[in-house]
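Novice: Pasting the sequence and the predicted model now:
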Amino acid sequence: MEKRVLLELRGKTPSQIKDLNLDNCRSTTIVGLTDEYINLETLSLNNVGLTTLKGFPTLPKLRKLELSDNRISNGLNFLTGCKKLTLLNLSNNKIKDLEALTPLKEFEYLKNLDLFNNEVTTIEDYRNKVFALNPSLKYLDGFDKEDREADETSDDGEEEMNGNNDSDEDKLHNMALDMEGLKIDTRVSERSPEERPSLPVLLYTVYGLIFYMGYLLKSSDLEEEEEEGSGNEDVSLSAVYNDNLEEESSDSSLYVDSDVEEEEDEDEEGDDDEGANASKTNSRANDADTDAQPEESTRGKKRKHEDDEN
């Protein structure tokens, strides 16, 4: 048990522990628990194998004590140092008579007692006798005096567990402990209503932060993917770039060739038109020459005839 207690401390001091679970740690006596656990409120020692409660420490704030499935037959007087105990579970133990339960008179805050599967429950008029033993007791073995089952949502007994029956001094001390280290920023509350940010502005700010965080996560994922496949992407990008260049060059060459062919066709048509025009001109000139030659010959004949007459 002592090793288990040290393990459950988890680097804290005993005075900082409020709940302690030592179930199934196996020990016949109380070992490792001391009076230093002054703030302990809940202690569980189920199925440990305890035969006695001798050496049980004084725990002034203990409210809930679980001792089921042990071999306890008496010695409840060792629990009297736990004055604020409200719940005590002694089910499945070895308690045989009411005399062993007599120390329970000292617990003025005790509300819930469980003695199920103890030999004492077979005594005649057992329930009325136990209720008479402690007037503060409200539930015995899960039922009240009228045999009504305990309400799990009931706050009876829980108020004491939460410290509502503490003295004023204890309340102030608990409040001081709870508020220790708590710092409240009052700068926003000190602003005037006009200076405080409106609800739409706050919502816009929150949505903006969420969007920015998502953008950062997405960009980080993209960067990781780019780093993993950078080599392949370089090759593929260069190949795509070259293919695009080849396509553009081929397209431009097609356009250029077609333009050249169209110009050549136009030039040939022009040449044909010019040749035709030239041929027509030449034919006209030849016709003119032929027409001019007879006139010259007739004129020459007339002159020769006149000379002969003279």
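Specialist: Ah, there it is. Numbers count the residues shown, from 1 in each chain.
Novice: Three-state assignment for residue 208, please.
Specialist: helix (DSSP: H, G, I helix; E, B strand; the rest coil).
Novice: Same check on the one 5 residues further on?
Specialist: When classified by three-state DSSP, residue 213 comes out as helix.
Novice: cool, and residue 217?
Specialist: helix.
Novice: so how far is residue 211 from it?
Specialist: Counting by C-beta to C-beta, to the nearest Å, the gap from residue 217 to residue 211 is 11 Å. The C-beta positions use only the backbone N, C-alpha and C, and glycine is treated the same way.
Novice: Tell me where the model's unsure across this structure.
Specialist: 152-197, 225-310 (pLDDT under 70).
Novice: List the contacts of residue 123.
Specialist: By C-beta atoms under 8 Å, 6 or more residues apart in numbering, the residues touching residue 123 are 97, 98, 129.
Novice: and if we set it to 10 Å?
Specialist: 96, 97, 98, 129, 130 (C-beta atoms under 10 Å, 6 or more residues apart in numbering).
Novice: What about the first one, how many residues nearby?
Specialist: It stands for residue 96. 14 (other C-beta atoms under 10 Å).
Novice: What distance do you get for it to residue 198?
Specialist: Residue 96 is 72 Å from residue 198, by C-beta to C-beta.
Novice: One more: residue 205?
Specialist: Taken as C-beta to C-beta, the span from residue 205 to residue 198 is 11 Å.
Novice: just residue 215 next, same as before
Specialist: 25 Å.
Novice: And residue 144, by the same measure?
Specialist: Relative to residue 198, residue 144 is positioned 54 Å away (C-beta to C-beta).
Novice: one step back: of the contacts of residue 123, which is the most crowded?
Specialist: These, ranked by neighbours (other C-beta under 10 Å): first place residue 130, 20 neighbours.
Novice: Assign that one to helix, strand or coil.
Specialist: Assigned with three-state DSSP, residue 130 falls in the helix class.
Novice: So for residue 144 and residue 198, which sits in the more crowded spot?
Specialist: For residue 144 versus residue 198, the count of surrounding residues by other C-beta under 10 Å is larger for residue 144: 16 against 9.
Novice: tell me the contacts of the more buried one?
Specialist: Applying C-beta under 10 Å, 6+ apart, the residues near residue 144 are 127, 131, 137, 138, 150, 151, 156.
Novice: which of these count as buried?
Specialist: By neighbour count, with 16 or more other C-beta atoms under 10 Å, the contacts of residue 144 hold 127, 131, 137, 138, 150 as buried.
Novice: Take those and keep only those in helices.
Specialist: Assigned to helices by DSSP state H, the following of the buried ones among the contacts of residue 144 qualify: 127, 131.
Novice: I'd like a version of the buried ones among the contacts of residue 144 in JSON lines, one that adds distance to residue 78 as further columns.
Specialist: Shown next, in JSON lines, are the buried ones among the contacts of residue 144 (distance: C-beta to C-beta, whole Å):
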{"residue": "127", "distance to residue 78": "25"}
{"residue": "131", "distance to residue 78": "23"}
{"residue": "137", "distance to residue 78": "20"}
{"residue": "138", "distance to residue 78": "24"}
{"residue": "150", "distance to residue 78": "27"}
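Novice: from the buried ones among the contacts of residue 144, which single one is nearest residue 43?
Specialist: residue 137 (20.0 Å; C-beta to C-beta).
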